[in-house]
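# I would like to see how this sequence folds:
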Amino acid sequence: MEDTKIYKTSVTEKEMEIAKKNDFVEIKYSGYANGELFDSNIEEDLKKLDQKAQAEKVIIVVGQGMVVKGFDKEIEGKEIGKEYNIKIRPKDGFGERNKELVKTMPLSLFIEKKINPYPGQVFSFDGLLGKIVAVSGARVVTDFNNPLAGKEIEYKFKIVRKVNDEKEKAEALFKVMFKFVPNFEIKDSIIVKGEELVGEFVKVFGKKIEELIGKKVKFELVEKNKSSENKAQEKIKNENNNTYKDTAL
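Residues are numbered from 1 along each chain as shown. So this is what the prediction gives:
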């Protein structure tokens, strides 16, 4: 009897590129709470939130908490280029609602800060974002919970690509950690240039950046650039034909 060979082909046998922990990946996503869109970097979805908004490229490091916990967990192990829909419970999203964060505050505090409180108003108070629930006499009931706290969140997302370029990686980390992208160059190490304040950021986050990218992070102090200021002063001096005396502010 002639041997019969059976060959099976399936998706599971194909070599799939998946996102692993500490991979840098670019993602496209839209987030929904109770079926309502609250965030997106997908152009057509973002326009539903704000017609003037421009979708931005989002690069994260898998497993490093750059998105909400539940979303971060779901990205790991997912296939590059495939679209997914996931649901996240409140505790893995924006947290459960905390009754202690609903506070009754005296109206006088708002008056001092020149705020005229009304129900539904959102404001910042000592660094906390709050929403006014009710105003009754001299009392203002305010909710300091995250607006998405206690809600089940749904994300539709796709991992567009793995990011291998070191400059893109560094920029992504600077945006998250520094909240801005400093002047920098990449050689054998990542050299960040700037004033003393930039150096403080490097001290705090340099080791983590080094760990994730695999290059040492160095800081190079650069004094404030006065060239453009000097040119402007020279122009004024020439126009007025007067001697300009530099005055410290």
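# so where's the longest helix in the protein?
Taking DSSP state H as the assignment, the helix of the chain that covers the most residues is helix 196-213.
# Mind listing what's buried along that one?
V198, G199, F201, V202, F205, G206, I209, L212, I213 (16 or more other CB atoms under 10 Å). Any C-beta I mention is one placed from the backbone N, CA and C, and that applies to glycine too.
# again with stretch 156-176
K156, F157, K158, I159, V163, K169, A170, E171, A172, L173, F174.
# Which parts of this protein are helices?
Here the chain has its helices, by DSSP H, at 43-49, 69-75, 107-112, 166-177, 196-213, 227-240.
# and D143, which of those helices is closest to it?
Minimum separation from D143 across the helices of the chain (CB to CB) falls at helix 107-112, 14.7 Å.
# tell me the angle the longest helix of the chain makes with helix 166-177.
Calculated by axes from the mean of the first three to the mean of the last three CA atoms, to 10 degrees, helix 196-213 forms an angle of 120 degrees with helix 166-177.
# Give the other helices and strands that helix 196-213 contacts.
Identification of packing neighbours for helix 196-213 by 3 or more CB pairs under 8 Å, 6 or more residues apart in numbering; DSSP states H and E yields helix 166-177, strand 190-194, strand 217-221.
# got the contact list for Q54?
By CB atoms under 8 Å, 6 or more residues apart in numbering, the residues touching Q54 are L46.
# which phi and psi does it have?
For Q54, the backbone dihedrals are phi -110, psi 130 (criterion: degrees, to the nearest 10).
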